[in-house]
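*Asks:* Mind folding the following:
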Amino acid sequence: MQWRGSGFVVLGWWYVVAVLGAVGVLLMAFGDVRWGGRIMAGGLFFGAFVRLVARPARKAGGLNARSRAVDVLLLLGLAIGILVASATVKLDV
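*Replies:* Have a look, this model is predicted:
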């Protein structure tokens, strides 16, 4: 999906995932690490869900990079990894 002549590609649902990731990073930097990780993981879980159910594939926008199975598995793997890492981080110094 592209607007004619503008060079701007409409990425659709990718914007939601990117905003949730940015909010999670900011929250991790200036607030609670665990909640920031949960928000980031939630955004990635949402991206995996959208990529899984979007029919046709072009409705997924920027989340459509590889085959559907690879995209969903990568997003789920990243989400689980971030969730586990943020939940098990030792915050006592």
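*Asks:* Show the pLDDT at the residue most central in space within the chain.
*Replies:* By Cα atoms, centre = their mean, the chain has its centre lying nearest to Leu44, at 3.2 Å. Per-residue pLDDT puts Leu44 at 96.
*Asks:* Can you show me the helices along the chain?
*Replies:* 14-30, 33-53, 68-88 (DSSP state H).
*Asks:* for those helices, which one ends up most surrounded?
*Replies:* Greatest average neighbour count among the helices of the chain goes to helix 33-53 (a mean of 20), per mean count of other Cβ atoms under 10 Å. Where you see a C-beta, it was placed from the backbone N, CA and C, and this is true even at glycine.
*Asks:* Excluding its own residues, what touches it? List them.
*Replies:* 13-14, 16-17, 19-21, 23-29, 60, 63-64, 68, 71-72, 75-76, 78-80, 82-83, 85-87, 89, 91 (Cβ atoms under 8 Å, 6 or more residues apart in numbering).
*Asks:* Ignoring the adjacent residues along the chain, who's closest to the residue nearest to the centre of the chain?
*Replies:* In space, and not counting its chain neighbours, Leu44 is closest to Ala79: 3.6 Å by Cβ to Cβ, 6 or more residues apart in numbering.
*Asks:* Let me see the contact set for that neighbour.
*Replies:* For Ala79, the contacting residues are 40-42, 44-45, 48, by Cβ under 8 Å, 6+ apart.
*Asks:* For the residues you listed, give me a markdown table that also has distance to Val33.
*Replies:* As requested, those are exported to a markdown table (distance: Cβ to Cβ, whole Å):
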| residue | distance to Val33 |
| --- | --- |
| Met40 | 11 |
| Ala41 | 12 |
| Gly42 | 15 |
| Leu44 | 17 |
| Phe45 | 18 |
| Ala48 | 23 |
